[in-house]
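A predicted structure for the sequence below; I have some questions about it.
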There are 2 protein chains.
Amino acid sequence: MSDKREHILIVAERLFGERGFDGTSVRDIAQSAGVNLAMISYYFGSKEKLLEAMIQFRSEYTYGILEELNKDQSLSPWDKIDRLVEFYVDRILNNLPFHNIMYQEATAFRSEEIKEKIIALKMRNLEQINKIITDGQEKKLFRRVDIPMTVGTIMGTISAYTQSRVYSCNILAIREDADDNVFREKLSKRLKAHLKHLLRAHLDIRNDTGPIES
Amino acid sequence: MSDKREHILIVAERLFGERGFDGTSVRDIAQSAGVNLAMISYYFGSKEKLLEAMIQFRSEYTYGILEELNKDQSLSPWDKIDRLVEFYVDRILNNLPFHNIMYQEATAFRSEEIKEKIIALKMRNLEQINKIITDGQEKKLFRRVDIPMTVGTIMGTISAYTQSRVYSCNILAIREDADDNVFREKLSKRLKAHLKHLLRAHLDIRNDTGPIES
DNA sequence: ATTTGTCAATTAAACGTTTGTTTAATTCAA
DNA sequence: TTGAATTAAACAAACGTTTAATTGACAAAT
């Protein structure tokens, strides 16, 4: 992929993430990327094809990481859960614009092709996490839980704090105009701790106790 | 509020939820609502003001429910958690378009006024849930957890399954073109069961056990 | 070594739509 | 008869895309 093409993709990713797909014009992208307006059509064919190319680009970039984690025989299921949490929090916080686009696009109408790509991506990830949890169940470490819903909890919790920076800054008790790295660092720590804590209680087979004392 | 004004709001809500704010034109709204194009400006002033009016409308509609739940002395903290889950799942699933708008708008750039309104709404809800959980902690039923993050987990888990119908249908193992009521019913049951299960393990003070057996 | 040919890269300009909003005239009810 | 409700038409601006002309680099031919 040529440097210029990739550069356009990265700029567009940031803009889409900030202002949404419809909220970003081809002219905005061209100007921010420092290229002529016509180059977007020249390289990608259309604005929508650009979005498809972006998803493709990022998918390839991520590919295989979950699979590697799964194959690693030296890690216990509990280790893998911790690694999973760390991986997802880091991955999402370090690619906020792209993640926001995926979130927006999954909801909005848009082309069927794009929707299918996003869903295929989700399904593939779900499959890998499914393996980790069922492995833990077979080893009598995890109790029986609703696995797809648990995945939704992980992703949803992270997303709840990445979609609105102002809200998150309120929760984290930092200034809204705080440095991006400070924001990411604080949110990352908080999310990882909470999710590990949550999943430990949720998955631990020893917590299959009787009814609640109320 | 006049009937026609309200009717426009409801129609716009559905369209915004389906196609996004930018993806819906004023002409789309006018046509779907069966009113003249100029009536939107006449009633609301502008498309953006319409969105503000919509948020106001729905906020008033919800107002007080969480507060009532909180005040109810006859319910134990565990009861309140269950009620909370049921309330939120029902509330969101029965107002999917509006909820999707709130999600989209919180991320996208848009006007500061709208963002502030959404955040104020979130903060108010957080405050109520905070009361429920701290009450449970004082009564030695709940352990110490990260409360804002826990709220994020509840909202995020629900949102993860409301933003993409196709994905959710895959998980629920139903046809994508299934009846809306069937979809809502199935998803509602699944989400409520998972969230109650999850929160029980997460909050129960008896689960403050030692290190994990790995 | 210089010229020529070729094709991709790049440009400014224009295309036809669609956008949100406004205008000015008309309808309608009180 | 007064004022709100409603309408069709028009507005300028912004949109995504296309066009046609120009530039630039590099291989082939002289």
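Cool, got the structure.

Which parts of chain A are helices?
A:3-19, A:26-33, A:38-44, A:47-62, A:65-71, A:77-93, A:96-107, A:112-138, A:147-160, A:165-172, A:180-203 (DSSP state H).

And those helices: which comes nearest residue B:125?
When these are compared by C-beta to C-beta, helix A:165-172 sits nearest residue B:125, at 11.3 Å. Heads up, the C-betas are built off the backbone N, CA and C, glycines and all.

what packs against that closest one?
Other helices and strands packing on helix A:165-172, by 3 or more C-beta pairs under 8 Å, 6 or more residues apart in numbering or on different chains; DSSP states H and E, are helix A:180-203, helix B:112-138.

Looking at these, which one is packed in the most?
Scoring the helices and strands packed on helix A:165-172 by mean neighbour count under mean count of other C-beta atoms under 10 Å in any protein chain shown gives helix A:180-203 as the most buried, with a mean of 18.

so what does that one touch, helix or strand wise?
Using 3+ C-beta pairs under 8 Å, 6+ apart, helix A:180-203 is in contact with helix A:77-93, helix A:147-160, helix A:165-172, helix B:147-160, helix B:180-203.

how many neighbours does the residue in chain A positioned nearest to DNA strand C have?
At 3.0 Å from DNA strand C, residue A:36 is the closest residue in chain A, using C-beta to the nearest atom of the strand. Under the neighbour criterion other C-beta atoms under 10 Å in any protein chain shown, residue A:36 is assigned a count of 10.

for residue A:8, same thing?
For residue A:8, using other C-beta under 10 Å, the count is 24.

which residues touch it?
Residue A:8 makes contacts with A:29, A:33, A:35, A:39-40, A:43-44, A:50, as judged by C-beta atoms under 8 Å, 6 or more residues apart in numbering or on different chains.

Residue A:7 now?
So, once contact is read as C-beta under 8 Å, 6+ apart, residue A:7 ends up touching residue A:33.

if we can go back for a sec, turn the helices and strands packed on helix A:180-203 into CSV, columns for mean pLDDT and distance to DNA strand C.
Below are the helices and strands packed on helix A:180-203 laid out as CSV (pLDDT from 0 to 100; distance: least, C-beta to the nearest atom of the strand, whole Å):
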stretch, mean pLDDT, distance to DNA strand C
helix A:77-93, 94, 31
helix A:147-160, 96, 27
helix A:165-172, 91, 24
helix B:147-160, 96, 25
helix B:180-203, 96, 26
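
State the distance from the residue nearest to the spatial centre of chain A to residue B:45.
Nearest to the geometric centre of chain A sits residue A:92, at 4.2 Å (C-alpha atoms, centre = their mean). As judged by C-beta to C-beta, to the nearest Å, residue A:92 and residue B:45 stand 38 Å apart.

Now that we're looking at the nearest residue to residue A:28 once chain neighbours are set aside, what pLDDT does it have?
Excluding the flanking residues, the one nearest residue A:28 by C-beta to C-beta, 6 or more residues apart in numbering or on different chains is residue A:15, at 5.8 Å. The model reports residue A:15 with a pLDDT of 93.

next one: residue A:103
78.

Equivalent analysis for residue A:106, please.
71.

Any figure for the gap between it and residue B:147?
28 Å.

ok so, going back, check contacts around the residue of chain A closest to DNA strand C.
Here residue A:36 is in contact with residue A:30 (criterion: C-beta under 8 Å, 6+ apart).

Torsion angles phi and psi at it?
phi -70, psi 150 (degrees, to the nearest 10).

Which positions in chain A make contact with DNA strand D?
By the rule C-beta under 7 Å from any atom of the strand, the part of chain A lying against DNA strand D is A:24-28, A:37-38, A:40-41, A:45-48.

burial count for residue A:75?
Using other C-beta under 10 Å: residue A:75 sits among 16 other residues.

Kindly report the same for residue A:24.
21.

Phi and psi next, for it.
Dihedral angles (degrees, to the nearest 10) for residue A:24: phi -110, psi 120.

Chain neighbours aside, what residue packs nearest to it?
residue A:15 is the one closest to residue A:24 (C-beta to C-beta, 6+ apart), at 4.5 Å.

ok, that neighbour touching residue A:27?
No: the pair residue A:15 / residue A:27 is not scored as a contact, 10.9 Å apart, by C-beta atoms under 8 Å.

out of these two, which sits in the more crowded spot?
residue A:15 (22 against 10).

Please report how far the more buried one lies from residue A:97.
Residue A:15 is 8 Å from residue A:97, by C-beta to C-beta.

Also residue A:55?
If you go by C-beta to C-beta, the gap between residue A:55 and residue A:97 works out to 13 Å.

So which of those two has more stuff around it?
residue A:55 (19 against 16).

what about the residue lying closest to residue A:195 once chain neighbours are set aside, neighbour count?
Among residues not flanking residue A:195 along the chain, residue A:85 sits closest, at 4.6 Å (C-beta to C-beta, 6+ apart). Number of residues near residue A:85 (other C-beta under 10 Å) recorded here: 22.

In contact with residue A:85, which residues?
Counting by C-beta under 8 Å, 6+ apart, residue A:85 has contacts A:154, A:192, A:195-196, A:199.

Tally up the residues packed near residue A:38, please.
10.

mind checking pLDDT for it?
95.

Ok, residue A:176 next?
pLDDT, read off for residue A:176, is 88.

quick one: contacts for it?
With C-beta under 8 Å, 6+ apart, residue A:176 has these contacts: A:165-166, A:169.

Can you report phi and psi for it?
phi -70, psi -30.

What separation do you get for it and residue B:112?
11 Å.

again with residue A:165
13 Å.

ok now do residue A:208, which residues does it touch?
residue A:143.

quick one: buried residues of stretch A:43-62?
A:43-44, A:47, A:49-55, A:57-58 (16 or more other C-beta atoms under 10 Å in any protein chain shown).

Skip the chain neighbours and tell me the closest residue to residue A:90.
Per C-beta to C-beta, 6+ apart, closest to residue A:90 is residue A:188, 6.8 Å.

Tell me if I'm right that that neighbour and residue A:89 touch.
Yes: with contact defined as C-beta under 8 Å, residue A:188 and residue A:89 form a contacting pair (5.5 Å).

shared neighbours, those two?
By C-beta under 8 Å, 6+ apart, no residue touches both residue A:188 and residue A:89.
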